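Novice: fold the following for me, if possible:
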Amino acid sequence: MIDVFILTNELDFSADRVIHQLRNYKSDINIVRINREDLRTADRFTTSLDQPGWLIEQIPKVTWLRQILPERNTFRNSPSVKEVDDILVKRRQWLAWLDIFEEMGTNWMNVPSKTHYAESKIRQMSLANRLGFEVPKTMITCSREDAIEFVSQFEQCIVKALATAFWEFSDQSFMFTVDAGQAIAADAKSWASQPVIVQEHIQGSYDARLLYVDGRIMGASRPRTSLDWRTSSEISWSRWTPGRDIMMKTSQYMETFGLSYGAFDFILESQKHLGPVFLECNPSGEFGFMDELLCSEPSQSTAQSLLKKSSRH
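Specialist: Numbers count the residues shown, from 1 in each chain. Modelled structure (predicted):
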C-alpha cells in the first residue's frame, strides 16, 4: 500500500528533503512521487469508483499536494487559440481528478478544497485583520483611475495578483509583486481586464517567512532589498523566532482555515508598525531554502506530520 503520495514538480527541493527525512524515520516506507512534468507521459491513471484502481491499484494513506498544474508551455512559437484552450481544459480535468482522493478516503496534509478556500488573498487579509495582525492598507480594483487616487495617499505602493497567478504562455510564467508606478503605466483598458490588489508598500528592514506545520512554528528572515524577495539576488537568511503573540495568531489563523501546513510572509521592523506586518500565507509555500539553516526542522516536522496522518488510515 502507498504510505505517502506526493504531487509536485521536478524542482521541488522542499519535497526532496521531506522524502529524505521520511526514509530516515521509516526505511521501508512506500513513497510515490509524481511530478507535474510526468502527467503528459503517464500511460496509466485509472480509477474505478466501485473498485479503486489508481496507478498501482491503491489509494494512498496520506497525500501531500504540492503542485498539480500541467507542465509549463513548451511551444517554440506563440500558441494558437486552440492550443491555449486545450491546455486550460486539460488543467481543469487534472484539478477535478483530485476529487477522487477526497471521495476515497486518503488523508491530506491540506485538504484541496480548504487549500483553495485559503488561497484567496481577500480571505487571508480579512482573517489576518480580525485576528489582530498588522496588515497593509489595501485596495482591490480594476480601475486605473481609482488606483491612481489610492496610490497618491502613500509614499509608495505595490500591485500584485488577487489570486495565485501562473501565466502558461508568458515569459514570466508567474506574476510577482511590482511597483504601482510601473503598473499604472498600463492603459485603462488593460486595468479593466482583471481586478488586482493595490497595496501600501511597507518600508521594512527585513523579509520573513514563518512556516507552520501541524502546530510547530519556525521562521527565518533576511535583509529587505527588493519588493519581492523571490526575484532578488541570493542573500543569506537567519533564524527568526517570532514573539508569543505572533505564534498564537498564526496558530489561530491555521485552525480557522483548517490547514496543517502553511508558509507566512511578513515584513519586520517597519517604521510605521509596532510588530511584524502580515503579507500573505501560502498553503503550499516553500521552505527548502531555509531548511539547512533551521537544522532540518521544517523537513523533519513535515515528514513527522505525514507519518502521523498516514497512521490514521
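Novice: which stretches of this structure have low pLDDT?
Specialist: Along the chain, the parts satisfying pLDDT under 70 run over 39-58, 68-88, 91, 101, 104, 164-176, 227-233, 270-274, 313.
Novice: let's see that with 50 instead.
Specialist: The chain contains residues with pLDDT under 50 at 52-56, 70-71, 74-76, 166-174.
Novice: domain parsing for it?
Specialist: Domain segmentation of the chain under automatic domain parsing yields 4-107, 137-200, 204-283.
Novice: ok, residue 207 to residue 94 distance?
Specialist: Using Cβ to Cβ, to the nearest Å, residue 207 is found at 33 Å from residue 94. All C-beta atoms are positioned from the backbone trio N, CA, C, and that covers glycine.
Novice: deepest-packed of the domains of the chain, please.
Specialist: Highest mean neighbour count of these: domain 204-283, a mean of 18 (counted as mean count of other Cβ atoms under 10 Å).
Novice: phi, psi of residue 190?
Specialist: Here the main-chain torsion angles of residue 190 (degrees, to the nearest 10) amount to phi -60, psi -40.
Novice: can you pull the contacts of it?
Specialist: residue 144 (Cβ atoms under 8 Å, 6 or more residues apart in numbering).
Novice: what of residue 122?
Specialist: Neighbouring residues of residue 122 by Cβ under 8 Å, 6+ apart: 140, 162.
Novice: isn't residue 134 up against residue 277?
Specialist: Yes. Between residue 134 and residue 277 there is a contact at 4.8 Å, judged by Cβ atoms under 8 Å.
Novice: would you mind giving the domains of the chain as JSON lines with distance to residue 122 added?
Specialist: As requested, those are exported to JSON lines (distance: least, Cβ to Cβ, whole Å):
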{"stretch": "domain 4-107", "distance to residue 122": "21"}
{"stretch": "domain 137-200", "distance to residue 122": "7"}
{"stretch": "domain 204-283", "distance to residue 122": "11"}
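Novice: between the ones you listed, which gets nearest to residue 291?
Specialist: Smallest distance to residue 291 across the domains of the chain (Cβ to Cβ): 5.3 Å, for domain 4-107.
Novice: start to end distance for that closest one?
Specialist: This stretch, domain 4-107, spans 10 Å end to end (Cα to Cα, to the nearest Å).
Novice: what kind of secondary structure is residue 305 in?
Specialist: For residue 305, the assignment made with DSSP: H, G, I helix; E, B strand; the rest coil gives helix.
Novice: and what of residue 140?
Specialist: With three-state DSSP as the basis, the three-state label of residue 140 is strand.
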